[in-house]
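>>> predicted model, plus sequence, below.
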Amino acid sequence: MSIFHSINTSASALTAQRLRMDTVSSNLANAETTRATINENGEYEPYRRKMVVFESKDNSFNSFLQKARVGSSSQGSGVRVKEIAEDDEPFKLVYNPNHPDANEEGYVQLPNVDPLKEMVDLMSATRSYEANVTALNATKSMLLKALEIGK
Amino acid sequence: MEPLTKISTLQTPNVLSAQNTLSVTPGEAQNKFSTSLKNAIETLNSAQIESDRKTEALAKGEITDLHDVMITSQKASITLQTAIEVQRKVIDAYTEVMRMQV
């Protein structure tokens, strides 16, 4: 373990939170998109809300083996993105017979994006990012303080 | 009684190894010191080069993660600070030796 271990951990969290922010932007931008993908019937499908799934970085087989062999718990090594999952909540139906994508009854399928939820996610991602930057700066000032020992 | 015997067996090899390190010739010691110094300076240099490369890539617009660049530059800065501190210590020790009365 190097002196930069905790900095690397914070860096992985920053990358992860930035990706979360990207998905929120994408969800908000596509909140009204009725033509995102084409399904097997050749019809347009609305945009599906995307969510980021995180996992701990040190859950490889090797690290578990090491843990079992040495018997000590590791101090962790950050976070990484496991997948970008899609929300399977049903699409919103809105009555709008003049819309080009309206069905026979006059209903349009809109994406399952809730702007309110996205705003909460956005703030959560921002705050997480800030917290990790603070942790990083604290680590840095600790390292610099250590250099002052014996001065 | 068990711990006491353990301590005595532990201490004997330590004394022996202390005598062993004394038998290292000055040339060997200097060589060891210079290699470790060289390695440390090479690590410092590679950190600086990495930071330089990332800053250039950022200026060219090739990098997507801004924090990555900042963190690399901070790492390089901390490594440099450490190197400066060690250098200060070494020079202090040198001047101390030079002031010694013969």
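Great, that's in hand. Predicted model only: the values in this text are computed from it and were never measured.

>>> rest of the way, CA atoms for contacts and neighbours
Will do.

>>> doesn't A:Arg80 lie inside a strand?
Yes - under DSSP: H, G, I helix; E, B strand; the rest coil, A:Arg80 falls within a strand.

>>> near chain A, which residues of chain B are found?
B:65, B:67-68, B:71, B:75, B:78, B:81-82, B:85 (C-alpha under 8 Å from any C-alpha of the partner chain).

>>> out of the residues you listed, grab the one that's most surrounded.
B:Lys75 (22 neighbours; other C-alpha atoms under 10 Å in any protein chain shown).

>>> surely it touches B:Ile49?
No - using C-alpha atoms under 8 Å, B:Lys75 is not in contact with B:Ile49; the gap is 11.6 Å.

>>> roughly how far apart are the residue sitting nearest the centre point of chain B and chain A?
In chain B, the centroid-proximal residue (C-alpha atoms, centre = their mean) is B:Ala40; its distance is 5.1 Å. Separation of B:Ala40 from chain A (C-alpha to the nearest C-alpha, to the nearest Å): 14 Å.

>>> with B:Asp52 instead?
18 Å.

>>> host element of that residue?
Here B:Asp52 is covered by helix B:26-60, with elements defined by DSSP states H and E.

>>> can you give the distance from whatever helix or strand comes next after that helix to the centre of its chain?
Once the chain leaves helix B:26-60, the next helix or strand it forms, by DSSP H and E, is helix B:66-98. Relative to its chain's centre, helix B:66-98 lies at 10 Å (C-alpha atoms, centre = their mean, to the nearest Å).

>>> now swap in stretch A:113-125 and tell me
Here stretch A:113-125 is found 12 Å from its chain centre; the criterion is C-alpha atoms, centre = their mean.

>>> one more: stretch A:79-99?
16 Å.

>>> same check, this time on stretch B:65-75
23 Å.

>>> count of residues packed around the residue in chain A that chain B sits nearest to?
Nearest residue of chain A to chain B: A:Leu147, at 6.6 Å (C-alpha to the nearest C-alpha). Look at A:Leu147: counted by other C-alpha under 10 Å, it has 17 neighbours.

>>> ok, now A:Gln109?
23.

>>> the most centrally placed residue in chain A is in what secondary structure piece?
Taking C-alpha atoms, centre = their mean as the criterion, A:Arg20 is the residue nearest the geometric centre of chain A, at 2.9 Å. Assigned by DSSP H and E, A:Arg20 belongs to helix A:5-29.

>>> give me the contacts around that helix.
Helix A:5-29 has contacts (C-alpha atoms under 8 Å, 6 or more residues apart in numbering or on different chains) with A:49-52, A:54, A:77-81, A:113, A:115, A:118, A:121-122, A:125-126, A:128-129, A:132-133, A:135-136, A:139-140, B:65, B:67-68, B:71.
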